[in-house]
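J.: Structure for this input, please:
(one chain, ligands or ions: 1)
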Amino acid sequence: MMKYKEELRETASQLAAQGKGLLAVDESTPTIGKRLAGINIENTEKNRQAYRGMLFTTEGLGDYISGVILFEETLYQKHLDGESMVSKIHNLGVIPGIKVDKGLSPLSGGHELETWCKGLEGLAERTAEYYEQGARFAKWRAVLQITADGCPTDLAIRENAWGLARYARTCQDSGLVPIIEPEILMDGNHSIERTAEVQEKVLVEVYRACAENNVFLEGTLLKPSMTVQGAENTNKVSSEEVAKMTVRTMNRCVPAAVPGIMFLSGGLTEEDASVYLNTMNSIENKSTTSLTFSYGRALQQSCLQAWQGKNLEAGQKALMARCQANSEASMGDYVSGSQPSSQDTLFEAGYKY
Ligand code: 13P
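T.: Okay, the predicted model is just below:
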C-alpha cells in the first residue's frame, strides 16, 4: 500500500505541466561558493540568502517554472524580510523540492574515477521532515562517466541504478515525488553513438531496479543528460543530431508511464541547452512524455552576471529571459537569439563533487 499514491501522481503531473520546467538551485555550499566567487561575492549565509531570495521573488517566474530544487539550508531559510523562502516560492505558484542525496563517494571495486551516491541511511526520517517543511519532490544525483578504459563498469551502473531506485521508493513513502537523475558526465572524447549506447544500458538498469523496488512510475520524473558526444571530441555535431539521438534514447528506454523527462544542462552553454531542447520538441511524433528542462547552470549564468550581488532587477530580468526561452523550447517554439543568453562555456571537467 502506498499512502500518497494519488498525491504523487498529481504532483508529478503538475511539475511536468506543459510549457514549464524546473529551476535547479540546489548547489551544495561549496558549489554555490564557486558560482559566487565568479562574481567576486563571498560565500556567506547572508549572500546565499540574498542571491536565492532574489530568485524567489521574481515576479512571473511561475509562468515558466513549475518547481525549484533547493539545498537543505534554503528549505529552512528565511528571506531577508522574515518570510520563509518556502512561502516566497508558494507565492509564485511554484512547488518547492529538495536535494536529498549526500554527495558522491569513490566506488571501491570499480574504476578509480567511479562513484556511488550516499544518503540512504536515515532517508525515510529526513524525507518525512522535508514534507512537513513544505517540500513535495526530491532529487538524487548519481553520476556515471565514459572513458576509453572501461567506464562505466557494470558494477557502477548496477550500484547507481539500485541507489536511485531505493531512494525513489523511500521518497514516495513520504509523499515526495522522486526525480531520478542518472547523470552521464560530458568528460571525454567519445562519440555521440558511444554516449547513446552507455545511456541506454544505464536507463534500462535504472528502470529494472525501479521495478524491483516497487517504484510507482507515474509518481516519478526522470532527469537525464542529453545524448551528446564527449566535451573533448572536436567533431561538429548538429543540434538536429543531438535531438534525434536523445529522443531515440528516451523512446527506447523510458517507460511511457513516466510523466516527464526534465533534462539537466550538464555544462552545455545557455543557448545550446535551449536550442537542443527546442529541436527535440520540434521532432514530429517524438513521444508522448513531456520533454522539458531542469537546468542549474544554464538558467543561472546570465542571471549571476547581471546580479553582481546588488542589481536585483537586472538579475531577475536575466533569469526570466532564460526561463521564458526554455519554456518556449519545451514546446518547440523557441527562436534562437530572441532572448539574451550567454555562450560562455559552463563545462567543468570532473564536475562531481
Ligand atoms: P546543471 O543543469 O548545471 O547540470 O544542474 C542541474 C542539476 O541539478 C545537476 O544535478
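
J.: Look up the closest residue to the residue of the stretch 101-250 of the chain found nearest the ligand, ignoring the ones flanking it.
T.: Nearest residue of the stretch 101-250 of the chain to the ligand, counting by CB to the nearest ligand atom: Arg141, 4.2 Å away. No exception for glycine: its C-beta is placed from N, CA and C like everyone else's. Distances taken as CB to CB, 6 or more residues apart in numbering place Glu181 nearest to Arg141, at 4.6 Å, with adjacent residues excluded.

J.: List the pairing partners of the host helix or strand of the one you found within its sheet, with orientation.
T.: Glu181 belongs to strand 177-184 when assigned by DSSP states H and E. Here strand 177-184 has these sheet partners by DSSP bridges: strand 137-144 (parallel), strand 221-222 (parallel).

J.: Put together TSV for these, with distance to Ala37 on each row.
T.: As requested, the strands paired with strand 177-184 are exported to TSV (distance: least, CB to CB, whole Å):
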stretch	distance to Ala37
strand 137-144	22
strand 221-222	31
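
J.: Deepest-packed of those, please.
T.: strand 221-222 (a mean of 28; mean count of other CB atoms under 10 Å).

J.: Show me what the following helix or strand past that strand is in contact with.
T.: Later in the chain than strand 221-222, the nearest helix or strand by DSSP H and E is helix 239-253. Contacts with helix 239-253, where a contact means CB atoms under 8 Å, 6 or more residues apart in numbering, come from 192-193, 195-196, 199-200, 203-204, 207, 224, 226-228, 261, 263, 272, 275-276, 279-280, 282-283, 286-287, 289, 291.

J.: can you give me how far helix 239-253 is from the chain middle?
T.: In terms of CA atoms, centre = their mean, to the nearest Å, the centre of helix 239-253 is found 18 Å from the chain centre.

J.: Buried residues, it. List them.
T.: Neighbour counts over helix 239-253 (16 or more other CB atoms under 10 Å) mark Ser239, Glu241, Val242, Ala243, Lys244, Met245, Thr246, Val247, Arg248, Thr249, Met250, Cys253 as buried.

J.: do the same with stretch 311-323
T.: Neighbour-count burial for stretch 311-323 [16+ other CB under 10 Å]: Gly315, Gln316, Lys317, Ala318, Leu319, Met320, Ala321, Arg322, Cys323.

J.: do the same with stretch 163-180
T.: Quick answer for stretch 163-180 (16+ other CB under 10 Å): 163-172, 174-180.

J.: right, quick check: it against the ligand, any contact?
T.: No: for a cut-off given as CB under 6 Å from any ligand atom, stretch 163-180 has no contacts with the ligand; the smallest distance is 8.6 Å.

J.: Could you do stretch 228-248 as well?
T.: No: using CB under 6 Å from any ligand atom, stretch 228-248 stays clear of the ligand, coming no nearer than 12.1 Å.

J.: what packs against the helix or strand just after the strand holding Glu181?
T.: Using DSSP H and E, the helix or strand that follows strand 177-184 towards the C-terminus is helix 192-212. Packing partners of helix 192-212 (3 or more CB pairs under 8 Å, 6 or more residues apart in numbering; DSSP states H and E): helix 154-173, strand 177-184, helix 239-253.

J.: Take helix 192-212, keep the C-alpha atoms, and write them as PDB.
T.: The C-alpha trace of helix 192-212 is given here as PDB (Å, rounded to 0.1, in the frame of the first residue of the first chain):
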ATOM      1  CA  ILE A 192      27.600  10.500 -29.600                       C
ATOM      2  CA  GLU A 193      27.000   6.900 -30.600                       C
ATOM      3  CA  ARG A 194      29.000   5.700 -27.600                       C
ATOM      4  CA  THR A 195      27.100   8.000 -25.300                       C
ATOM      5  CA  ALA A 196      23.800   6.600 -26.600                       C
ATOM      6  CA  GLU A 197      25.000   3.000 -26.100                       C
ATOM      7  CA  VAL A 198      26.000   3.700 -22.500                       C
ATOM      8  CA  GLN A 199      22.900   5.800 -21.700                       C
ATOM      9  CA  GLU A 200      20.600   3.000 -22.900                       C
ATOM     10  CA  LYS A 201      22.400   0.500 -20.700                       C
ATOM     11  CA  VAL A 202      22.100   2.800 -17.700                       C
ATOM     12  CA  LEU A 203      18.400   3.700 -18.200                       C
ATOM     13  CA  VAL A 204      17.400   0.100 -18.700                       C
ATOM     14  CA  GLU A 205      19.200  -0.800 -15.400                       C
ATOM     15  CA  VAL A 206      17.600   2.100 -13.600                       C
ATOM     16  CA  TYR A 207      14.000   1.100 -14.600                       C
ATOM     17  CA  ARG A 208      14.800  -2.600 -13.900                       C
ATOM     18  CA  ALA A 209      15.800  -1.500 -10.400                       C
ATOM     19  CA  CYS A 210      12.700   0.700 -10.100                       C
ATOM     20  CA  ALA A 211      10.500  -2.300 -10.900                       C
ATOM     21  CA  GLU A 212      12.300  -4.500  -8.300                       C
END
